[in-house]
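K.L.:
no FASTA, just this:
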């Protein structure tokens, strides 16, 4: 359903991150050079900071303009990730609304009311095998017409048993418990994702791997590496990779990225000094 609503993989590739390819390369680390994986992430981070073209399709362009406005912060992928998780949460809530409309009673409180009814029966020592049910009655009155000779018609009411409602109640009770579990897990996942990415907690594991591979790196260099180079998208990618690998692989990967960051900074500083030199030469008197 989510793939139909929002082509997440296609957009993530256009943003610059092919997460499936990156994670597969990391899993095959014995046959892959770690610098190759780091270079793939480095290129994606640089590409994610630059202005890119998404095509001539107007609808597609409008969609990507939302992410384009945040390109300087490198948060395209993280915003997409949170947006998809939000869609999952909305989908769970919609299931409650949909079933409430079909069953004509508030389905989101169905399980709670069912448990309270059972506890009330147990507490009052009422026969729990009673056929009474507020939502799925198993004993109802059925009206039917009896025809006699001539034009005489009589309506009669008799008591009908509906044992199928016993199974219906159990089925919908299981559905209620399943949707509650999905909604709770999705909500916890969304909140934990926000806390890990947009707080200091998300930077702790980067510092750990930096100190494992580059113990001589200063605190300022580490903070600049996280805040100015990785940013939200880089932290998210590394956290997803960390879930699929071990600490040794992650330490080598973060160390390779840190080395690329230092080399890139050195090249930028050299270019700035060269430009300043040319400017001084241009303004100097003959």
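P.N.:
Sure, I can see it. All of these numbers come straight from a predicted model, not from anything done at the bench.
K.L.:
ranges for the strands of the stretch 51-200 of the chain?
P.N.:
Here the stretch 51-200 of the chain has its strands, by DSSP state E, counting those that start in this stretch, at 139-147, 153-161.
K.L.:
list the helices and strands the last one packs on?
P.N.:
Contact analysis of strand 153-161 by 3 or more CB pairs under 8 Å, 6 or more residues apart in numbering; DSSP states H and E lists strand 139-147 as its packing neighbours. Every residue, glycine included, has its C-beta placed from N, CA and C.
K.L.:
pLDDT on the strand it packs on, on average?
P.N.:
Strand 139-147 shows a mean pLDDT of 81.
K.L.:
what's in contact with that strand?
P.N.:
With CB atoms under 8 Å, 6 or more residues apart in numbering as the test, strand 139-147 has contacts from 131-132, 153-162.
K.L.:
ditto for stretch 173-193
P.N.:
81-82, 85-86, 88-89, 92-93, 95-96, 99, 107, 110-111, 114.
K.L.:
average pLDDT for that stretch?
P.N.:
Across stretch 173-193, pLDDT averages out at 92.
K.L.:
related to what we said a few turns ago, put together JSON lines for the strands of the stretch 51-200 of the chain, with distance to residue 174 and mean neighbour count on each row.
P.N.:
Listed next are these as JSON lines, based on distance: least, CB to CB, whole Å; neighbours: other CB atoms under 10 Å:
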{"stretch": "strand 139-147", "distance to residue 174": "23", "mean neighbour count": "10"}
{"stretch": "strand 153-161", "distance to residue 174": "23", "mean neighbour count": "9"}
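K.L.:
from the contacts of stretch 173-193, which single one is nearest residue 264?
P.N.:
Nearest to residue 264 among the contacts of stretch 173-193: residue 81, at 25.2 Å, using CB to CB.
K.L.:
Just the pLDDT at the closest one, thanks.
P.N.:
pLDDT at residue 81 comes out at 85.
K.L.:
any idea how far the nearest residue to it once chain neighbours are set aside is from residue 219?
P.N.:
Distance criterion CB to CB, 6 or more residues apart in numbering; nearest residue to residue 81, sequence neighbours excluded, is residue 236 at 6.1 Å. Using CB to CB, to the nearest Å, residue 236 is found at 23 Å from residue 219.
K.L.:
Ok, residue 22 next?
P.N.:
Using CB to CB, residue 22 is found at 28 Å from residue 219.
K.L.:
Between the two, which has more neighbouring residues?
P.N.:
Higher neighbour count among residue 22 and residue 219: residue 22, with 20 against 8, using other CB atoms under 10 Å.
K.L.:
so which strand or helix has the closest residue to that one other than its chain neighbours?
P.N.:
Nearest residue to residue 22 in three dimensions, chain neighbours excluded: residue 40, at 5.9 Å (CB to CB, 6+ apart). Using DSSP states H and E, residue 40 falls within helix 34-49.
K.L.:
Point out the other helices and strands that that helix packs with.
P.N.:
Helix 34-49 makes packing contacts with helix 19-27, helix 231-242, helix 247-283 when contacts are defined by 3+ CB pairs under 8 Å, 6+ apart.
K.L.:
So for the second one, mean pLDDT?
P.N.:
The average pLDDT within helix 231-242 is 84.
K.L.:
Which elements pack onto it?
P.N.:
helix 19-27, helix 34-49, helix 76-103, helix 164-197, helix 201-213, helix 247-283.
K.L.:
would CSV of those with distance to residue 226 be doable?
P.N.:
Converted to CSV, the helices and strands packed on helix 231-242 look like this (distance: least, CB to CB, whole Å):
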stretch, distance to residue 226
helix 19-27, 19
helix 34-49, 12
helix 76-103, 14
helix 164-197, 12
helix 201-213, 5
helix 247-283, 10
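K.L.:
rank those by pLDDT, which is bottom?
P.N.:
Per-stretch mean pLDDT for these is lowest at helix 19-27 (a mean of 69).
K.L.:
In contact with residue 82, which residues?
P.N.:
Residue 82 sits next to 190, 193-194, 197 when contact means CB under 8 Å, 6+ apart.
K.L.:
Out of those residues, grab the one that's most surrounded.
P.N.:
In terms of neighbours by other CB under 10 Å, those top out with residue 197 at 21 neighbours.
K.L.:
how near is residue 116 to residue 108?
P.N.:
14 Å.
K.L.:
what about those two, which has more around it?
P.N.:
residue 108 (16 against 11).
K.L.:
Can you give me the distance of the residue nearest to the more buried one when sequence neighbours are not counted to residue 265?
P.N.:
Spatially, and ignoring its direct neighbours in sequence, residue 108 is nearest to residue 96 (4.5 Å; CB to CB, 6+ apart). According to CB to CB, residue 96 and residue 265 sit 51 Å apart.
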